[in-house]
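Student: sharing a model prediction with you, sequence too.
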Amino acid sequence: MSCLASCCVSLTCGLCTSVASGITKRSARIGYCGLFGVSLIVSWILREFAEPVLKHLSWINTSDNLSKEWYQMQAVLRVSLGNFLFFAILAVIMIGIKYQNDRRDFFHHEGWIVKIVIWTVLIILMFFLPNAVISVYGVVSKFGAGLFLLVQVLMLLDATHSWNDSWVAKDDQKWYLALLAVSISCYIGAFTFSGLLFIWFNPSGQDCGLNVFFLVMTIILAFSFGIIALHPKVNGSLLPASVISMYCAYVCYTGLSSEPRDYVCNGLHNKSKVVSTSTLILGMLTTVLSVLYSALRAGSSTTFLSPPSSPRAGGKKPLLEGDELESGKGKNETENKPVTYSYMFFHLIFALASMYSAMLLSGWTSDSENPQLIDVGWTSVWVRICTEWVTAGLYVWSLIAPLILPDREFY
């Protein structure tokens, strides 16, 4: 048995070494995405199965009246705190890096075995902290998660404008037709989905004024996006307007589906567990996509992830550069070249995403009558609805800002 255990340990160490070296040779950005993905899996597993273990830890189990949901929230927040500290520390270390000959550039791309060990140790240490520290982190995470939603919206705006610009730049009729087809499809999808929401969240015979207000606002915003974008004085396009309209309809749905199960205007209350799980999966998916987009888009010098020292003329370069640049090789050739993206902001996005994922898995740390329901409660509702309105405001501002501030240059 001891021989078998030794073999398992050796194989595990060998696997970690191989993975770390593989990350070094390819893209550090993908490596950080993988580490973040592992943290989500660990959070989910511990949320479901860590309760019996946590009950035996005296500094965590301080009362006999603690519910299963409380232990689930503790497990999620502690993993999130370790993940947050890991990326926050990296963000602080990377402050001020402008050129690739900076010694800290090596630590960003290399040393993966050390970083994986540090990440693991931080996760474990969080389970030795007193409950008071975790409670404070739970409160702070709400603000961090809100900030991540704002960053997520900025990424969506960046992605839609880049998508539109890339198709327009082809200057071909078939691409213009494709733009029109996608735009019309997104608008049809947004309005059809909004109609379904009226059926689900405005049951007949019930006074659901709040839900109706949310849905009417979503439809008005969708119309407003198209009108403003197509105005002769606005340098806009129908594609971003339609995509943002569809996103707002989706966010409105996630907000309404988070209403308490006993709320009469929640027409999906009979399928609350299914809806809760689907909302969590969609929320996690958008989080992962945002993190992946930040990692990949960071390679383009036209994005807001780029530091001021980065040349802005390289927007057509591949999002993932060659292995030599990403792994730190060929240093003599690139010694005085500026970095292609902000390492500090890159790690900050991961730190905020750690907070947001914790809020999703813990229902924004609000009490719920059923621990099986995830991300349910009025806190979740208003966070989602406010996110929709902020998205609308930012998009409209991106259209009218050049008119209001003509002397400013907008990228």
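Tutor: Good, I have the coordinates. Residues are numbered from 1 along each chain as shown.

Student: going forward, measure contacts between C-alpha atoms and count neighbours the same way
Tutor: Will do.

Student: low-confidence ranges in the stretch 301-411 of the chain?
Tutor: By pLDDT under 70, the weakly predicted segments of the stretch 301-411 of the chain are 301-336, 364-376, 408-411.

Student: where along it do the helices fall?
Tutor: Assignment of helices within the stretch 301-411 of the chain using DSSP state H, counting those that start in this stretch yields the ranges 323-327, 331-334, 343-362, 378-404.

Student: now render those helices as TSV, adding mean neighbour count and distance to Y247.
Tutor: TSV is the format used below for the helices of the stretch 301-411 of the chain (neighbours: other Cα atoms under 10 Å; distance: least, Cα to Cα, whole Å):
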stretch	mean neighbour count	distance to Y247
helix 323-327	18	33
helix 331-334	12	41
helix 343-362	25	18
helix 378-404	18	8
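
Student: which stretch among those helices comes nearest S204?
Tutor: helix 378-404 (21.6 Å; Cα to Cα).

Student: for the closest one, name the packing helices and strands.
Tutor: On a contact count with 3 or more Cα pairs under 8 Å, 6 or more residues apart in numbering; DSSP states H and E, helix 378-404 meets helix 131-169, helix 209-229, helix 238-257.

Student: just want the angle from it to helix 131-169.
Tutor: Orientation check (axes from the mean of the first three to the mean of the last three Cα atoms, to 10 degrees): helix 378-404 against helix 131-169 gives 40 degrees.

Student: I95: what secondary structure?
Tutor: When classified by DSSP: H, G, I helix; E, B strand; the rest coil, I95 comes out as coil.

Student: need phi/psi at it.
Tutor: When read as degrees, to the nearest 10, the backbone of I95 gives phi -60, psi 130.

Student: the closest residue to it other than its chain neighbours and F87: what is the separation?
Tutor: Computed as Cα to Cα, 6 or more residues apart in numbering, the closest residue to I95 that is not its neighbour in sequence is M344, at 5.4 Å. Using Cα to Cα, to the nearest Å, we find M344 at a distance of 9 Å from F87.

Student: cool, V114 as well?
Tutor: Distance of V114 to F87, given as Cα to Cα: 14 Å.

Student: more neighbours: these two, which one.
Tutor: F87 (24 against 12; other Cα atoms under 10 Å).

Student: next structured bit after the host helix or strand of the more buried one?
Tutor: Taking DSSP states H and E as the criterion, the element that holds F87 is helix 68-93. Next in sequence after helix 68-93, counting helices and strands by DSSP H and E, comes helix 103-109.

Student: quick check: mean pLDDT of that next one?
Tutor: Averaging pLDDT along helix 103-109 gives 84.

Student: run a quick neighbour tally on E259.
Tutor: Neighbour tally, E259, other Cα under 10 Å: 25.

Student: doesn't it belong to a helix?
Tutor: No: counting by three-state DSSP, E259 is not found in a helix; it is coil.

Student: can you tell me, leaving aside adjacent residues, what's nearest to it?
Tutor: Counting by Cα to Cα, 6+ apart, E259 lies nearest to G377, which is 5.4 Å off, once chain neighbours are set aside.
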